[in-house]
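Novice: generate a structure from the sequence data that follows.
(4 chains)
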Number of protein chains: 2
Amino acid sequence: MTLEIPEVVINRLPIYARALSALAEEGESVVSSQTLGEKLDVTPAQIRKDLSYFGRFGKQGRGYNVNGLLRKLREILGLDQQWRVCVVGVGRLGHAIVEYGGFEPQGFQIVAAFDTDPGAVGRQVGNLSIRDARELESFLAENRVDIGVVAVPASAAQQVVDRLVAAGLRSILNYAPMPTHVPEGVAIRHIDPVLAMQSMTFYIKQRDGVHG
Amino acid sequence: MTLEIPEVVINRLPIYARALSALAEEGESVVSSQTLGEKLDVTPAQIRKDLSYFGRFGKQGRGYNVNGLLRKLREILGLDQQWRVCVVGVGRLGHAIVEYGGFEPQGFQIVAAFDTDPGAVGRQVGNLSIRDARELESFLAENRVDIGVVAVPASAAQQVVDRLVAAGLRSILNYAPMPTHVPEGVAIRHIDPVLAMQSMTFYIKQRDGVHG
DNA sequence: GCCTGTGAAGGATTTCACAGCC
DNA sequence: GGCTGTGAAATCCTTCACAGGC
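Specialist: Numbering: from 1, shown residues only, chains lettered A, B, ... in the order given. The predicted structure is shown next:
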């Protein structure tokens, strides 16, 4: 398909899609790059340029059809499909992830949860029964899974990522405080609130000088 | 102090600091940009250039002193200090945040939690008693708080961010699935696992074509 | 008149490549 | 010989500005 679309562009598309959803719910039928940009703190030129990688969706003089563009973006991103997700590590964090209600409505269905702790295996979380992490490979061989969520301690993160990749997964969401790496061709995203805070403190310090 | 250091650079420093911590624990005393880069999937030149914004910390022919550089980075980022954090919104997500043990050891102390729900106010979470969100401004006026964590529903996020900013907070970590905006001079970071997944599905689709 | 789509310009970030020092 | 620090080059990304269509 279309080659070499910058990753920054891909990362912005879901934001556009979300804003368009909101506009659609408010009953708006048309939106200009100007108006959309104001809602999102993005320049209109950026929105137009981003969209131009995928086609010509607007109408001169009017703007974009909200539902039309939303449908297009959902198609491009695959948000019109169901995605199957497994979670590895069901400690406090993994628990919260499995029970978080925000994934399902967006098409991300959690189909399995794994843990190494014999005390956790077999327990019920949400509507899943926790599986033994030793079954990870066999489960992935027998069931379609699209995305792996890693919620294990930092010390185990790389090993778990390696197993997921070896088993054929190509998309990983890593919650472990550890910058695991993956081979070319595997998408990985890191969720790390501590890192996020640690980069903000630099600016606090710069502004205010040193606290007690 | 030093002016105009790119934000991307600041965002990488905590990663370097974390890797140096690990090296220090392993008893390594010296590391080259080459070796550090391999651990982090970052080019050696990038590491050297990033560090050069802040000074000259290495020794030609040897590399960097692990503990020395770590101390420097912690000082630059303010990680050698205690930071006071408040959490707004103590639903399931806020709960998990307050009870997550990963912040305290890094110097981020959660000093208050707020909610609007009368049924939640007064309840105990971790070692905090949930406060009425109406007390937010008075609490911030009387107590030093450095970082505000927003864990409210999307519909309330912008409003909460506005209140935090109006009360003088200049660093915000937003967990709400909603790209809130803030005035110049306020640092904000978004944590949004759904967005992260939605950008990965693009690549799955590109590789594999469409699933059922 | 308004707004898109897009080459070209501009700006930011990364990488190169090497002088200089240990 | 190995490795840093850094100008210069290369690359990547954003913004400009305007031709063209509604």
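Novice: hmm, the longest helix along chain A in reach of DNA strand C?
Specialist: Criterion DSSP state H: the longest helix present in chain A is helix A:7-25. No. Interface with DNA strand C: helix A:7-25 contributes nothing (C-beta under 7 Å from any atom of the strand), its closest point being 10.5 Å away. All C-beta spots, glycine's among them, are computed from the backbone N, C-alpha and C.
Novice: who's in contact with that helix?
Specialist: A:31, A:36, A:39-40, A:42, A:46-47, A:50-51, A:53, A:66-67, A:69-70, A:73-74, A:76-77, A:79, B:177, B:179, B:194-195, B:198-199, B:202-203 (C-beta atoms under 8 Å, 6 or more residues apart in numbering or on different chains).
Novice: can you check stretch A:92-104 too?
Specialist: A:85, A:87-88, A:90, A:109-110, A:113, A:115, A:125-126, A:128, A:149, A:151-152, A:175, B:92-93, B:96, B:99-100, B:177, B:193-194, B:197.
Novice: just the buried members of these?
Specialist: Buried by 16 or more other C-beta atoms under 10 Å in any protein chain shown: A:85, A:87-88, A:90, A:110, A:113, A:115, A:125, A:128, A:149, A:151-152, A:175, B:93, B:96, B:100, B:177, B:193-194, B:197, out of those.
Novice: could you list which of these belong to strands?
Specialist: A:V85, A:V87, A:V88, A:I110, A:A113, A:D115, A:V125, A:L128, A:V149 (DSSP state E).
Novice: of those, list those near chain B.
Specialist: A:V85 (C-beta under 8 Å from any C-beta of the partner chain).
Novice: tell me the one among the ones in strands among the buried ones among the contacts of stretch A:92-104 nearest to A:V160.
Specialist: Nearest to A:V160 among those: A:V88, at 5.2 Å, using C-beta to C-beta.
Novice: centre of the chain to stretch A:183-199, how far?
Specialist: 11 Å (C-alpha atoms, centre = their mean, to the nearest Å).
Novice: briefly note if that stretch comes near chain B.
Specialist: Yes. Stretch A:183-199 reaches chain B (C-beta under 8 Å from any C-beta) through A:G185, A:A187, A:R189, A:I191, A:P193, A:V194, A:L195, A:A196, A:M197, A:Q198, A:S199.
Novice: buried members of the residues you listed into PyMOL, please.
Specialist: Buried members of those, defined by 16+ other C-beta under 10 Å, are picked up in PyMOL with:
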select buried, chain A and resi 187+189+191+193+194+195+196+197+198+199
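Novice: which parts of chain A sit against DNA strand C?
Specialist: A:32-34, A:44-45, A:48-49, A:51-52, A:56-64.
Novice: pull out the buried residues from these.
Specialist: Using 16+ other C-beta under 10 Å, the buried ones in the residues of chain A next to DNA strand C are A:S32, A:S33, A:R48, A:L51, A:F57, A:G58, A:G63, A:Y64.
Novice: and the helix or strand A:A45 falls within, is it in reach of DNA strand D?
Specialist: Using DSSP states H and E, the element containing A:A45 is helix A:44-52. Yes. Counting by C-beta under 7 Å from any atom of the strand, DNA strand D has neighbours in helix A:44-52: A:A45, A:Q46, A:R48, A:K49.
Novice: report the two of those separated the most.
Specialist: A:Q46 and A:R48 (7.4 Å).
Novice: is A:S171 in contact with B:M200, as I believe?
Specialist: Yes. Contact criterion C-beta atoms under 8 Å: A:S171 and B:M200 qualify, at 4.2 Å.
Novice: now the common contact residues for these two.
Specialist: A:I147, A:A187.
Novice: helices along chain A, start to end?
Specialist: A:7-25, A:33-40, A:44-52, A:66-77, A:92-99, A:136-142, A:154-166, A:193-208.
Novice: can you list the ones you listed in TSV and add mean pLDDT?
Specialist: Listed next are the helices of chain A as TSV, based on pLDDT from 0 to 100:
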stretch	mean pLDDT
helix A:7-25	98
helix A:33-40	97
helix A:44-52	98
helix A:66-77	98
helix A:92-99	94
helix A:136-142	98
helix A:154-166	97
helix A:193-208	95
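Novice: could I get those in JSON lines, plus columns for distance to A:P105?
Specialist: Shown next, in JSON lines, are these (distance: least, C-beta to C-beta, whole Å):
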{"stretch": "helix A:7-25", "distance to A:P105": "11"}
{"stretch": "helix A:33-40", "distance to A:P105": "21"}
{"stretch": "helix A:44-52", "distance to A:P105": "25"}
{"stretch": "helix A:66-77", "distance to A:P105": "14"}
{"stretch": "helix A:92-99", "distance to A:P105": "14"}
{"stretch": "helix A:136-142", "distance to A:P105": "25"}
{"stretch": "helix A:154-166", "distance to A:P105": "25"}
{"stretch": "helix A:193-208", "distance to A:P105": "23"}
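Novice: domain map for chain A?
Specialist: A:7-77, A:88-195 (automatic domain parsing).
Novice: so which of those comes closest to B:R163?
Specialist: domain A:7-77 (19.1 Å).
Novice: just the endpoints, please. Distance across that closest one?
Specialist: 13 Å (C-alpha to C-alpha, to the nearest Å).
Novice: neighbours of A:E104, how many?
Specialist: Other residues within reach of A:E104, judged by other C-beta atoms under 10 Å in any protein chain shown, total 13.
Novice: quick one on the thing from earlier: buried residues, the longest helix of chain A. List them.
Specialist: A:9-21, A:23-24.
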